[in-house]
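A.B. asks: The following block contains a protein sequence and its predicted model.
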Amino acid sequence: MRLLIISNELTSASELINGFKATGFSVDHALESQQGSFWARTTDYDLVLIDDRPTTNAAEICKQFGVPYEMRVVS
């Protein structure tokens, strides 16, 4: 399974990346929404996780792909 994490929060992203990789997932990490949006358009991902912050607008990224935006808080 291939995942994309779009987050400029390095600590949280690193924890997610390490956890997913430890269980056998392939993980790409984009620090900026433009880079993440490009990768999501050009690569076949099974799941895209977006850290919704002012600098990473998850709703706008979802809109670009015609995907309904649904916020889920994961702690």
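C.D. replies: Arrived safely.
A.B. asks: Quick one: list the elements packing against the helix or strand containing L4.
C.D. replies: Using DSSP states H and E, the element containing L4 is strand 2-6. Packed against strand 2-6 by the contact rule (3 or more C-beta pairs under 8 Å, 6 or more residues apart in numbering; DSSP states H and E) you find helix 10-22, strand 26-30, helix 33-42, strand 47-50. Glycine gets a C-beta too; all of them are placed from N, C-alpha and C.
A.B. asks: Quick check: mean pLDDT of the helix or strand just after the shortest one?
C.D. replies: As assigned by DSSP H and E, the chain's next helix or strand after strand 47-50 is helix 58-64. Per-residue pLDDT over helix 58-64 has a mean of 77.
A.B. asks: which helices and strands does helix 58-64 pack with?
C.D. replies: helix 33-42, strand 47-50.
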